[in-house]
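Trainee: Sequence first, predicted coordinates after that:
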Amino acid sequence: MNVDLITQQIVDALGELNQQLPPESRIEASPTALLLAPEGMLDSLGLVNLILLIEERMASELSTVISLTDDRTLAQPQLAFHDVASLAQHILLLVEAGAGRDGAGQ
Amino acid sequence: MSDLPVVHGLLISDFNAQNLVGLLDNSPEPPRFAIRHAPFGQVMQALTDPTMDGWQPEPDVLIVWTRPQSVLPGFQRLLENARPGAEPLSAQVDAFSEAVRAASTRARWVLVVTWTLPTYERGLGLIDWKSEQGLARQLASANLRLAENLQALPNVYVLDAARWMALTGAEHAYNPKLWYLGKIAFGARVFQQAAQDIRAAVLAADGKARKLVLLDLDDTLWGGIVGDVGWEGIRLGGHDAIGEAFLDFQSGLKALKNRGILLGIVSKNDEQIALEAIRRHPEMVLRLEDFAAWRVNWDDKAANVRALVIELNLGLQSTVFIDDNPIERSRVRQALPEVLVPEWPEDTLYYRRALQSLTCFDAPTITEEDLERTRLYVTERLRAAAREESQTFDEWLRSLETRVIVEPLAAVNLPRTAQLLNKTNQMNLATRRLTEAELQAWACGQGRGVWTFRVQDRYGDSGLTGIASLQLEGESACIVDFVLSCRVMGRRVEETMLSYLSQAARELGARQLDATYLPTSKNGVCLAFWKERSGFEQLPDGEAFRRSLDLPHATPAGVELVRG
């Protein structure tokens, strides 16, 4: 597992998320996109959808079960979800620590 | 797609369905939606209170998607294994149905999604279908009652959400995280399936369903090249997985034909050899009488598709082309972009699945005429053959022994009348598009009449193929609708309809008949008829026509007009 693989999953999830968003709320599906950063476009509903899309993609594409809804992440979501790069690093840490393995996705 | 008219929608749900709104609004596929989401969680208020936010402007389509535990209090008790309340669940379903019925008068079409439960809800487990309190049993019963309650409402359709869940898979259909964090009841893939069916439903309700499937033969309807191996050597049926798959695919096509979709053949082959296979192979499901027409030759397939569509008096936008060969698919797609050319699986074993997955054949109703459609085209072939043998047009017309049966609009012919009104493009004076309810309401107005025309001849019954309506305005009876199926055009049925309208207008007390032609890109043939054969005077200003009712207006020779 490396950060590039994870970044690709996030970018793909953003592409899927954009299909559900009105044009003015869409987020650039790229490794440099801002998410909850002050200039970012992600709102609370978008955040929920993005979390689930990434969790599903990590499971289906990389066979890795993670949970992005743990207390620590959700308490300060603007840290992990500041931008695509910070989110990829956060997920990599979860994977390496094995902390995300909670059987998420039912 | 930006030039397509916008379909305004209102979505009423008891959960956050903003994701569905986004998928519908953003889709590059037609129709072009603009959906408003009523505040979620206020379902009954939103359904019954027309002053609530979202009802203005009046929506074209209303989508109602709820969870059973939210709108049926008794269902919540079932989830808790509590004793049933005083009010039976069926009464709660009836109350919900009544709210939908009330709302259905404020939208052209209403789509009600069936109730589902997350797959992890096991209810009473082993006895869930045995006990009257079983969740699965009660859910099925509630959905059935809902469908039965709504069945008689002509503009209300029930969409099967259980299919969306099954296609999505349990893991992706429901995720508790979505509910707890966002009050989103279903996964993204469920909404994608829903959006696809909602698009198909609106296209169907709007009369845009596909009506014709054109098929290749070799390696599409059967395995192998019939020109090389002969009809005895093709793979079809037998104790063979591939042969069985072709047989099953043909059965799927036959099922389409039996619900009114026309089948045709476009194949590069020797016609005699190919048709012999259809006639003689013992396991062939589709026989020649199942096909409305064919083009079997060595010409360009796109040209053949175009010619066949013209022969059948349909539009390219009504047509689906299925061919195993990607080069032929690409050719037809590039030459005729209005034709739907689905990507086709390389593996024969997936043919039936690919066919059944197409949503483009969804229709709002299936009429007797639909069920008879292929036979009507087969008899048309016989009629055309007789035309070639006749010396003159008049001689041919007389030989047909045509009867035109006129009947007033009534409940029994309303579905077919609305269907014909909404799909006829060519011989259509005003091209009004109305739902059954709108048409019925219009016909009830003062000084109005709507009549239907059924055409029969020695070759059979062409069914309800004409509509005409009048609106009395002072001394004038204005012809509002003048619609005739292309199936019977040019056989003096048009003149017979006008003759009848003269009688009807006199009975309404009018002294003259007026008609105003409203042009579209497709009804030029209608203008030609009014100019050249109607017997009406063309007024100097614009494309309006008039005929004094003092003039006699006889039924054309060779046609018998019968009041039904």
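Mentor: All right, it came through fine.

Trainee: For the one helix or strand B:R398 maps to, buried residues please.
Mentor: Here B:R398 sits within helix B:393-400, counting by DSSP states H and E. By neighbour count on 16 or more other CB atoms under 10 Å in any protein chain shown, the buried set for helix B:393-400 is B:W396, B:L397, B:S399, B:L400. In short, each C-beta sits where N, CA and C put it, glycine included.

Trainee: helices or strands next to that helix in the packing?
Mentor: Judged by 3 or more CB pairs under 8 Å, 6 or more residues apart in numbering or on different chains; DSSP states H and E, the packing partners of helix B:393-400 are helix B:373-389.

Trainee: Can you give the contact residues for the helix or strand of chain A with the lowest mean pLDDT?
Mentor: Every helix and strand in chain A was compared by mean pLDDT, DSSP states H and E; the lowest is helix A:71-75, with a mean of 85. Around helix A:71-75, the neighbours that count as contacts under CB atoms under 8 Å, 6 or more residues apart in numbering or on different chains are A:A80, A:H90.

Trainee: list the buried ones in the helix or strand just after that helix?
Mentor: Tracing the chain C-terminally past helix A:71-75 and defining elements by DSSP H and E, one meets helix A:77-80 next. Within helix A:77-80, the residues that count as buried by 16+ other CB under 10 Å are A:P77, A:A80.

Trainee: what's the offset of helix A:77-80 from the middle of its chain?
Mentor: In terms of CA atoms, centre = their mean, to the nearest Å, the centre of helix A:77-80 is found 10 Å from the chain centre.

Trainee: next one: stretch B:445-453
Mentor: That offset, for stretch B:445-453, works out to 24 Å (CA atoms, centre = their mean).

Trainee: Please apply the same query to stretch A:76-85.
Mentor: When C-alpha coordinates are averaged (CA atoms, centre = their mean), stretch A:76-85 and its chain have centres 9 Å apart.

Trainee: so how many other residues sit close to the spatially closest residue to B:R235 that is not a sequence neighbour?
Mentor: In space, and not counting its chain neighbours, B:R235 is closest to B:G223: 2.9 Å by CB to CB, 6 or more residues apart in numbering or on different chains. The number of residues packed around B:G223, counting by other CB atoms under 10 Å in any protein chain shown, is 20.

Trainee: Buried residues in the longest helix anywhere in chain A, which are they?
Mentor: Secondary structure of chain A read by DSSP state H shows that its longest helix is helix A:44-62. Neighbour counts using 16+ other CB under 10 Å place A:45-58, A:62 of helix A:44-62 among the buried residues.

Trainee: ok, and of these, which contact chain B?
Mentor: A:L45, A:V48, A:N49, A:I51, A:L52, A:L53, A:E55, A:E56 (CB under 8 Å from any CB of the partner chain).

Trainee: ok, the residue in the stretch 51-200 of chain B that chain A sits nearest to - contacts?
Mentor: Nearest to chain A in the stretch 51-200 of chain B, going by CB to the nearest CB, is B:G182, at a distance of 3.8 Å. By CB under 8 Å, 6+ apart, B:G182 lies in contact with A:S44, A:L45, A:V48, A:N49, B:N16.

Trainee: Verify the stated contact: B:F482 with B:V493.
Mentor: No - the criterion here is CB atoms under 8 Å, and B:F482 misses it with B:V493 at 11.4 Å.

Trainee: Can you get me a residue count around A:R26?
Mentor: 18.

Trainee: ugh, wrong one, B:E148
Mentor: Counted by other CB under 10 Å, the residues lying close to B:E148 total 12.

Trainee: what secondary structure does residue 69 sit in?
Mentor: Picked chain A for this. Recorded secondary structure, A:T69: coil (DSSP: H, G, I helix; E, B strand; the rest coil).

Trainee: How much space separates B:F40 from chain A?
Mentor: 12 Å (CB to the nearest CB, to the nearest Å).

Trainee: Sorry, slip of the keys, the one I care about is B:D216.
Mentor: Distance from B:D216 to chain A, counting by CB to the nearest CB: 33 Å.

Trainee: so who does that residue touch?
Mentor: Contacts for B:D216 (CB under 8 Å, 6+ apart) come out as B:I265, B:V266, B:S267, B:I322, B:D323, B:D324, B:N325, B:E328.

Trainee: Same check on B:I63?
Mentor: B:G9, B:L10, B:L11, B:I12, B:S13, B:I35, B:V110, B:L111, B:V113, B:I198 are the contacts of B:I63 under CB under 8 Å, 6+ apart.

Trainee: Across the sheet, point out what pairs with the third one.
Mentor: Per DSSP bridges, the residues bridged to B:L11 are B:H37, B:I63.

Trainee: Leaving out sequence neighbours, find the closest residue to the residue positioned nearest the centre of chain B.
Mentor: Taking CA atoms, centre = their mean, the centroid of chain B lies closest to B:A363, which sits 2.7 Å from it. Nearest non-adjacent residue to B:A363, counting by CB to CB, 6+ apart: B:A209, 4.7 Å away.

Trainee: wait, what's in contact with that neighbour?
Mentor: B:L203, B:C360, B:F361, B:D362, B:A363.

Trainee: residues contacting the first one?
Mentor: When you say that, I think you mean B:L203. When contacts are counted by CB under 8 Å, 6+ apart, B:L203 touches B:P30, B:P31, B:A209, B:C360, B:D362.

Trainee: okay, now the spatially closest residue to the last one that is not a sequence neighbour: neighbour count?
Mentor: By that I understand B:D362. Setting aside the residues directly before and after it, B:D362 is nearest to B:A204 in space (CB to CB, 6+ apart), at 4.1 Å. Using other CB under 10 Å, B:A204 has 20 other residues around it.

Trainee: picking that back up, would you mind giving both backbone torsions of the residue nearest to B:R235?
Mentor: Dihedral pair for B:G223: phi -90, psi 140, per degrees, to the nearest 10.

Trainee: Equivalent analysis for the one 3 residues further on, please.
Mentor: In this entry, B:V226 is assigned phi and psi values of phi -60, psi -30 (degrees, to the nearest 10).

Trainee: before we move on, back to that, neighbouring contacts of the helix holding B:R398?
Mentor: The contact list for helix B:393-400 (CB under 8 Å, 6+ apart) reads B:R383, B:A386, B:R387, B:S390, B:D457, B:R458, B:Y459, B:R491, B:R492, B:A557, B:G558, B:V559.

Trainee: Which of the residues you listed sits closest to B:P57?
Mentor: For these, the minimum distance to B:P57 (CB to CB) is 43.2 Å, reached by B:R491.

Trainee: give me every residue that touches the residue nearest to that closest one when sequence neighbours are not counted.
Mentor: Leaving aside its sequence neighbours, B:R491 sits nearest to B:T402 (CB to CB, 6+ apart; 6.1 Å). Going by CB under 8 Å, 6+ apart, B:T402 touches B:V455, B:Q456, B:D457, B:R491, B:R492, B:V493, B:G558, B:V559, B:E560.

Trainee: Residue 35 - how many residues pack around it?
Mentor: Here I'm looking at chain A. Count around A:L35 with other CB under 10 Å applied: 23.

Trainee: right idea, wrong chain: chain B
Mentor: 22.

Trainee: Leaving out the residues flanking it, which one is nearest to it?
Mentor: B:G9 (4.1 Å).
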